[in-house]
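> I need the structure of the sequence given here:
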Amino acid sequence: MSTPIADYGLLADCNGSALVDRAGSIDWLCMPRYDSPAIFARLLDPDAGHWSIRPAAPFGAERRYLPGSLAIETTFTTGSGTVRLIDVMAAADGQRGHDLDSMRRTSCCARSRASRATSIWSWSSPRARNTG
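All right, here's what the predicted structure looks like:
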């Protein structure tokens with residue numbers, strides 16, 4: 001079953017974009033430009049690649065944009081703890097006043113809990129095929 005488009009949040013750096021779902025999966029990513037081939041494309045095809053970070057146990061999730069930014073903060077709550085995931089597109093030094101170099105960061109907020117990370121790359125990009 002596909003995720004409704006309304007359940008995605010937009011990440012962007014003025015050159016490329018990504019869509020992240022409420023469960024911590026980047027299902028669409030075009031870099032370094034908007035018209036570049038997709039690196040993750042699960043939005044269109046379940047086998048076309050994604051990058052997921054989420055708790056290993058069943059969870060609930062709340063999401064918001066951090067004030068004044070396009071950074072998305074997702075808070076996962078399980079029966080034994082809380083984990084926060086922050087997603088942001090890395091911008092070039094000084095681009096529009098940003099100084100970012102990290103795309104995804106997790107932190108435990110209450111009681112430590114195991115998380116699961118999965119990355120499946122889409123090989124639709126000729127550049128990716130040649131380097132893979």
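> dead centre of the chain: give me the residue that sits there.
Ile26 (3.7 Å; C-alpha atoms, centre = their mean).
> list the helices and strands the host helix or strand of it packs on?
Element membership for Ile26, per DSSP states H and E: strand 25-30. Here strand 25-30 touches strand 8-12, strand 17-21, strand 38-40, strand 50-55, going by 3 or more C-beta pairs under 8 Å, 6 or more residues apart in numbering; DSSP states H and E. Every residue, glycine included, has its C-beta placed from N, CA and C.
> who does that strand pair up with?
If you go by DSSP bridges, strand 25-30 pairs up with strand 17-21 (antiparallel), strand 38-40 (antiparallel), strand 50-55 (antiparallel).
> identify the residue spatially nearest to Ser69, adjacent ones excluded.
Spatial nearest neighbour of Ser69, chain neighbours left out: Val88 (7.3 Å); criterion: C-beta to C-beta, 6 or more residues apart in numbering.
> circling back to that earlier point, residues making contact with the strand holding Ile26?
3, 8, 11, 16-21, 36-44, 50-52, 54, 87 (C-beta atoms under 8 Å, 6 or more residues apart in numbering).
> how far does it sit from the chain's center?
Strand 25-30 has its C-alpha centroid displaced from the chain centroid by 6 Å (C-alpha atoms, centre = their mean, to the nearest Å).
> give me the neighbour count for Pro67.
6 (other C-beta atoms under 10 Å).
> what inclination does the strand holding Ile26 have with respect to strand 8-12?
Counting by axes from the mean of the first three to the mean of the last three C-alpha atoms, to 10 degrees, strand 25-30 lies at 40 degrees to strand 8-12.
> quick one: mean pLDDT over strand 25-30.
Regarding strand 25-30, the rounded mean pLDDT is 90.
> can you dump the C-alpha atoms of it in CSV for me?
Only the C-alpha atoms of strand 25-30 are listed here, as CSV (Å, rounded to 0.1, in the frame of the first residue of the first chain):
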residue,chain,number,x,y,z
SER,A,25,11.5,7.0,5.4
ILE,A,26,13.0,9.2,2.7
ASP,A,27,11.0,7.9,-0.3
TRP,A,28,12.1,10.5,-2.8
LEU,A,29,15.4,12.2,-3.2
CYS,A,30,16.8,14.1,-6.2
